[in-house]
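Predicted coordinates and the sequence they were generated for:
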Amino acid sequence: MISLKRTVQALLGNFGLEVRRKQVQRKTKFETLLMQYQVDMVFDIGANIGQCGPWFRWIGFDKTIVSFEPISHLFQQLSQNAKSDPKWLVEKVALGEKDGVGVINVSGGHGGASSILTMTEHVVKNAPDQAVIRQEEIAITTVEKMMRKYYPEGDRLFLKIDAQGYETRVIEGIGSELPRIIGMKLEMSLVENYRGELLMVDMLPRLKNMGFHLVEFENGWSNEKTGEMHQVDGVFFRTDRLARTE
């Protein structure tokens, strides 16, 4: 979120990161995890303009990515960024617990703090450039429905969820398809940034009860002056289904 990791270094230097990647042969931990668990598709939920697409390519993931973004101007740029990659598909929709329509609060700046939920004063105080500037009506569907469309078979789907407090609704929308998901990367708040969001202290046991175990933490958003962490990204996998390697 907040600065969307500084827009992943300005969309990874307009994909110039790929050049630098060739100079660094050491695998990242996340790249290793994708290989160990044999992830064969990624759902990029809350894609913004598509920063995660080139990032997944940079770490070596060469299979299908489906990016979901409901906000019109962000989706337009996402579509443009994805058009040269035949394995990068896009959908103009938000994911939640059921099909329908909703209203999203569009934030300022790059729009990375936009949410269906109401932003708290904590965000406005600590990231004033991310304050809500307008609202937009959007379509909402479910992970379950999109899995039946894009991933009708298999049990190695990975979800990257960046839904600004709406993560629990996204997870609820997985429904009966839950056993076919191998892992998730999602943003978790340590303080309330959106009204009604589930904080990290409650999210961790919920995911564990669903069969997903924490394998990596990443700093998502911190106070640059005090160092206080406001959000972290957690990577979770079904560790009982680690792929066997020869």
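Everything's here; your move. Only a predicted model underlies this, so the values are computations on that prediction, with no experimental measurement involved. Numbering: from 1, shown residues only.

so how far is Q76 from L89?
Going from L89 to Q76 by CB to CB, to the nearest Å gives 16 Å. Any C-beta I mention is one placed from the backbone N, CA and C, and that applies to glycine too.

In terms of neighbours, single out the busier of these two.
The residue with more neighbours, out of L89 and Q76, is L89; 16 against 13, by other CB atoms under 10 Å.

Help me confirm that the more buried one is found in a strand?
Yes: L89 sits within a strand when classified using DSSP: H, G, I helix; E, B strand; the rest coil.

so which helix or strand takes in the closest residue to it other than its chain neighbours?
Closest residue in space to L89, ignoring its immediate chain neighbours: V66 at 4.7 Å, by CB to CB, 6 or more residues apart in numbering. Taking DSSP states H and E as the definition, V66 sits inside strand 64-68.

Buried residues of the next helix or strand after that strand, list them for me.
Next helix or strand after strand 64-68 toward the C-terminus (DSSP H and E): helix 72-82. Buried residues in helix 72-82, counted by 16 or more other CB atoms under 10 Å: L74, F75, L78, N81, A82.

for stretch 185-197, same thing?
Across stretch 185-197, burial judged by 16+ other CB under 10 Å covers K185, L186, E187, M188, S189, L190, E192, N193, Y194, E197.

pretty sure A163 is in contact with L95, am I right?
Yes: counting by CB atoms under 8 Å, L95 is a contact partner of A163 at 7.4 Å.

list the residues that contact both of those two?
Listed as contacting both A163 and L95 by CB atoms under 8 Å, 6 or more residues apart in numbering are I45, V170.

List the buried residues in the helix or strand hosting R169.
For R169, the enclosing helix or strand under DSSP H and E is helix 167-172. Of the residues in helix 167-172, E167, T168, R169, V170, I171 count as buried by neighbour count, 16+ other CB under 10 Å.

So which elements touch that helix?
Identification of packing neighbours for helix 167-172 by 3 or more CB pairs under 8 Å, 6 or more residues apart in numbering; DSSP states H and E yields strand 157-161, strand 181-189, helix 200-209.

Alpha carbons of that helix, as PDB, please.
Extracted in PDB, the C-alpha atoms of helix 167-172 (Å, rounded to 0.1, in the frame of the first residue of the first chain):
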ATOM      1  CA  GLU A 167      -8.700  -8.900   2.600                       C
ATOM      2  CA  THR A 168     -11.200 -11.000   4.800                       C
ATOM      3  CA  ARG A 169     -14.000 -10.400   2.300                       C
ATOM      4  CA  VAL A 170     -11.700 -11.500  -0.600                       C
ATOM      5  CA  ILE A 171     -10.900 -14.700   1.400                       C
ATOM      6  CA  GLU A 172     -14.500 -15.300   2.200                       C
END
